[in-house]
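J.: Let me see the structure of the following:
(chains A and B)
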Amino acid sequence: MVTRTEEEEVNRLENQVENGGGGVWEYLCLVHKLKLRRSDMVLKHGLSILNDSKKRSALGPEEWTLYEQVAVAAMDCQSIDVAKDCIKVLQRKFPGSKRVDSLEPRVYRKPPLYLHKVGGWLRTHHHVQNPCPEPHLWDSHWICCCCRLEAMLLEARGLWSEAENAYSSLLEENPFDQVVHKRRVAMAKAQGNTSAAIDWLNKYLDIFMADHEAWRELAEIYVSLQMYKQAAFCYEELILSQPTVPLYHLAYADVLYTLGGLENLQTAKKYYASTIDLTGGKSTRALFGICLCTSAIGQLTKGRNKEDKESPELQSLSAMALEKDYKQRAPSRLSVLSSTLRSLKI
Amino acid sequence: MGAGFLVGVIGVLILSHATYSTIQYRALLKITEEEFSGPSINVVIELIVSLVLCLWAAMAAPGNFKSIHPQSEENRVVALPANLDFMIFNHRGKIFPLETELKLK
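T.: Below is the predicted model:
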């Protein structure tokens, strides 16, 4: 999650880096940590570090992480040559992975087994006699990473079937590699095959149910296909797993409002209210949502002489908050806002 | 920070004074050959005062407290991370490749 302080920090560092004020490595670390997609910046400034041998060696083992980060950024910017070069450097450092470029079936070196770590009944196993030292564990991570990067490069070049083959062989090697599973979903999506992407994602979520990023992706795919009921289910999962993230509450409320119907609208209103609660009243979208929900509920229940159980002051409060916010930040738009609010009040 | 640190120093000084007077008191008891039943009342008061002062200093000196509320201005979530695991490469940026000649040397 990107919090307010972190966002400010990123923007500050980005300005500083753009104006050549240093702090490039801190910026790249923060982008990596917050999982932001600033591929052009990462490519430009990551390369400036990698091309400077003094700066590069100062990073220590983090150097290889930077190569990976820059490789992915380069693919995102369609600088295939740079990505290829980065992967080549990684392969030279961590040999053991076969080239993925050719079409023949590939054999990857199996990562060493660490049975001695399990202990107990495995102690008599021959692995105990020559246990693999720690660095190999690190190596096998990077060998997998190289294979994955190569497959991603195939993807970036648009060689779908080759990439698919590479991913399937990677999955044969390690059927529980979450990233590879996700790449397959992304590939189906990139080819415009949304139904296949949904199938893959559902299969993936059957195994890795706690992966909230996958739930979010599924929800977004469903919303793009206007399958709001399914999307609402995904957002419910997300709210369950991360109840303090207001953006999930907001998205869930949006989906429910779009679905319509009295019950959904009432629930949507509650979730807009919880979004306001979690953002400290700073979410303009949620404030508008409250107004829209109240007006829609009013329209639906107009004919009936039912007693209004909901608190009537919620709408006027959110309208007041909106007016205050507009007065502060966009005084020229205040008249538009007040006419909109007037048309909503029935 | 300065005030809190000063309070802490005073607290530690009072504590060492209490130690010193206890040792004195026990030495006195040895001379007069009386039984030690407990520390005298001003030592106990000194101990309590120094405890309070040191606690205060421990709270105040290291820095300010940060908010743990999810809705506070610092902790407010403003954006979700880009779902990088599901990143796809054939987006519209493909049509506008970076013009600069970037190369890994």
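J.: Where does the prediction get shaky in the chain?
T.: Just so you know, I chose chain A. For chain A, the stretches flagged by pLDDT under 70 are A:96-138, A:305-311, A:346.
J.: could you do chain B instead?
T.: Ranges of chain B meeting pLDDT under 70: B:1, B:98-101.
J.: Tell me the helices and strands packed up against whatever helix or strand A:Cys234 lives in.
T.: Under the criterion of DSSP states H and E, A:Cys234 resides in helix A:228-241. Helices and strands touching helix A:228-241, as assessed by 3 or more CB pairs under 8 Å, 6 or more residues apart in numbering or on different chains; DSSP states H and E, comprise helix A:212-224, helix A:246-259. Using the backbone N, CA and C atoms, a C-beta is placed for each residue, glycine as well.
J.: how big is the angle separating the last one from helix A:228-241?
T.: Note on geometry: by axes from the mean of the first three to the mean of the last three CA atoms, to 10 degrees, helix A:246-259 and helix A:228-241 are set 160 degrees apart in direction.
J.: Look up how far A:Leu317 lies from the closest residue to A:Lys282 other than its chain neighbours.
T.: Distance criterion CB to CB, 6 or more residues apart in numbering or on different chains; nearest residue to A:Lys282, sequence neighbours excluded, is B:Arg76 at 6.4 Å. Computed as CB to CB, to the nearest Å, the B:Arg76 to A:Leu317 distance reads 20 Å.
J.: do A:Glu18 as well
T.: For A:Glu18, the distance to A:Leu317 - CB to CB - is 41 Å.
J.: and the residue positioned nearest the centre of chain B, what does it touch?
T.: Nearest residue to the geometric centre of chain B (CA atoms, centre = their mean): B:Pro62, 4.4 Å. Under the criterion of CB atoms under 8 Å, 6 or more residues apart in numbering or on different chains, B:Pro62 has no contact partners.
J.: so what's the backbone phi/psi at it?
T.: phi -70, psi -20 (degrees, to the nearest 10).
J.: Please apply the same query to the one 3 residues further on.
T.: B:Phe65 adopts backbone torsions of phi -80, psi 150, taken as degrees, to the nearest 10.
J.: Give me the neighbour count for B:Ile13.
T.: Careful, residue B:13 is Leu; it's not Ile. By the criterion of other CB atoms under 10 Å in any protein chain shown, B:Leu13 has 12 neighbours.
J.: Regarding it, what is its secondary structure?
T.: helix (DSSP: H, G, I helix; E, B strand; the rest coil).
J.: How about A:Gly303?
T.: With three-state DSSP as the criterion, A:Gly303 reads coil.
J.: So what touches stretch A:318-330?
T.: A:Ile276, A:Gly281, A:Thr284, A:Leu287, A:Phe288, A:Ile290, A:Cys291, A:Arg333, A:Leu334, A:Leu337, A:Ser338, A:Leu341.
J.: Please repeat the previous calculation with a cut-off of 7 Å.
T.: Contact partners of stretch A:318-330, identified using CB atoms under 7 Å, 6 or more residues apart in numbering or on different chains, comprise A:Gly281, A:Thr284, A:Leu287, A:Phe288, A:Ile290, A:Cys291, A:Arg333, A:Leu334, A:Leu337, A:Leu341.
J.: same question, stretch A:249-265
T.: The contact list for stretch A:249-265 (CB under 7 Å, 6+ apart) reads A:223, A:228-229, A:231-232, A:235-236, A:239, A:267-268, A:271-272, A:274-275, A:278, A:283, A:285-286, A:289, A:292-293, A:296-297, A:300.
J.: doesn't A:Gln299 fall inside a strand?
T.: No: under three-state DSSP, A:Gln299 falls outside any strand and is assigned helix.
J.: any idea how far A:Leu344 is from it?
T.: From A:Gln299 to A:Leu344 the distance is 10 Å (CB to CB).
J.: A:Asn19 now?
T.: For A:Asn19, the distance to A:Leu344 (CB to CB) stands at 45 Å.
J.: Between those two, which is the more surrounded one?
T.: Legend: neighbour count by other CB under 10 Å for A:Asn19 and A:Leu344, higher for A:Leu344 (16 against 8).
J.: doesn't A:Ser295 make contact with that one?
T.: Yes: using CB atoms under 7 Å, A:Leu344 is in contact with A:Ser295, at 4.2 Å.
J.: so how many other residues sit close to A:Leu36?
T.: A:Leu36: 20 surrounding residues under other CB under 10 Å.
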